[in-house]
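1. quick one, fold the following:
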Amino acid sequence: MQPLTVGFDLDMTLIDSRPGIHTVYLALAAETGVPIDADLAVSRLGPPLEQEIACWFPADRVEEMSARYREIYALHAIAPSLAMPGAREAIAAVRAVGGQAIVVTAKHEPSARLHLDHLGIEPDALIGWLWAEAKAEALRAHRARVYVGDHVGDVRGARTAGALSVAVATGPCGADELRAAGADVVLPDLTAFPEWLAAYAAADRDAVDRASRR
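-> Numbers count the residues shown, from 1 in each chain. Here you go, the predicted model:
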C-alpha cells in the first residue's frame, strides 16, 4: 500500500506570516514612496505576490517591485512570523500514521524554506511557486491523497489533483466559503487535525483489510 502523503499550504495554514509580510509592505512603501495599505494586503494572503503588488503599482512596475519585495523579505518577514497553533503537531501526526508531509505553496520557495527552518518545521519536501490548480502538479507528483489549506485556491488545487481537500478556517476564507468551494472537510484550525487524521487513517486501514479478505 502506498504510504499516505499529506500536503500542506504554508501561509495561514502552517505559519502566520502576517506580521512579517506587513513589515515588508511598510518597508517597500517607505522605500518607493508609494502608499500601501499593509493591513489590507495581509488580510488577503494566498494568491501569488504579483496579484497583490498590482494593486499598488502600475503594470509596468509589478515585476520590478515583486523582485524588490523578495529581496528585502528575509530582512523583515522571517523573525516576526509564527507557527500556527497545531502546525508542528500536524506534521508529527502525519508521521505517526506512517505518512509523509509535504508543503506546497505559492510562496517564493527560498522564502518558504527560511520560514520553515526558522520555526523548526521539517516537511519531507517543499515545493514553491504553485497557486490554486497549479498545486495539483506537485500533489500528483508526490501522490498526495490529502491537501490541507486555508484558501479556496487550496481547495481547487486539491480537487484538481484528486486529493481530499481538508480546509482550516484560519486564513482569509471562512468556513462557509471553504465548504461552498468544495472542501471535503473543514476544521477550525490545525489543532483539530491530528484527531481527524487518526480517524481517517484508521478507516483507510479497515478498508484495506476488508478488501484483502475478499
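
2. show me the shaky parts of the protein.
-> Counting by pLDDT under 70, the chain shows low-confidence ranges at 1, 206-214.

3. strands of that one, residue ranges please.
-> Listed in chain order, the strands of the chain (DSSP state E) span 5-8, 15-16, 82-83, 100-104, 125-127, 146-149, 164-168, 185-187.

4. for Ile53, which of the ones you listed is the nearest?
-> Closest to Ile53 of the strands of the chain, according to C-beta to C-beta: strand 15-16, at 20.6 Å. No exception for glycine: its C-beta is placed from N, CA and C like everyone else's.

5. okay, the strands of the chain in CSV with distance to Leu26 and mean neighbour count next?
-> CSV is the format used below for those (distance: least, C-beta to C-beta, whole Å; neighbours: other C-beta atoms under 10 Å):
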stretch, distance to Leu26, mean neighbour count
strand 5-8, 28, 27
strand 15-16, 17, 22
strand 82-83, 18, 18
strand 100-104, 27, 25
strand 125-127, 27, 18
strand 146-149, 27, 30
strand 164-168, 27, 26
strand 185-187, 32, 19
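
6. reformat those as CSV; add distance to Glu177.
-> Putting the strands of the chain into CSV (distance: least, C-beta to C-beta, whole Å) gives the following:
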stretch, distance to Glu177
strand 5-8, 20
strand 15-16, 19
strand 82-83, 24
strand 100-104, 21
strand 125-127, 25
strand 146-149, 13
strand 164-168, 9
strand 185-187, 10
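
7. what is the burial count for Tyr25?
-> Counted with other C-beta atoms under 10 Å, the burial measure for Tyr25 works out to 22 neighbours.

8. distance of it from Glu31?
-> Using C-beta to C-beta, to the nearest Å, Tyr25 is found at 11 Å from Glu31.

9. count the residues that sit near the nearest residue to Leu49 once chain neighbours are set aside.
-> Leaving aside its sequence neighbours, Leu49 sits nearest to Ser66 (C-beta to C-beta, 6 or more residues apart in numbering; 5.3 Å). The burial count assigned to Ser66 is 19, neighbours taken as other C-beta under 10 Å.

10. I'd say Ser66 and Ala59 touch.
-> No: the pair Ser66 / Ala59 is not scored as a contact, 11.8 Å apart, by C-beta atoms under 8 Å.

11. what's the spacing between the residue lying closest to Glu52 once chain neighbours are set aside and Ala163?
-> Counting by C-beta to C-beta, 6+ apart, the nearest residue to Glu52 once its immediate chain neighbours are dropped is Ala41, at 5.5 Å. Between Ala41 and Ala163 the computed distance is 29 Å (C-beta to C-beta).

12. mind listing what's buried along stretch 79-89?
-> By neighbour count with 16 or more other C-beta atoms under 10 Å, stretch 79-89 contains the buried residues 81-84, 86-88.

13. would you point out the most distant pair within those?
-> The most widely separated members of these are Ser81 and Gly86, with 15.9 Å between them, by C-beta to C-beta.

14. kindly check the end-to-end length of stretch 57-68 for me.
-> Distance between the boundary residues of stretch 57-68 (C-alpha to C-alpha, to the nearest Å) amounts to 12 Å.
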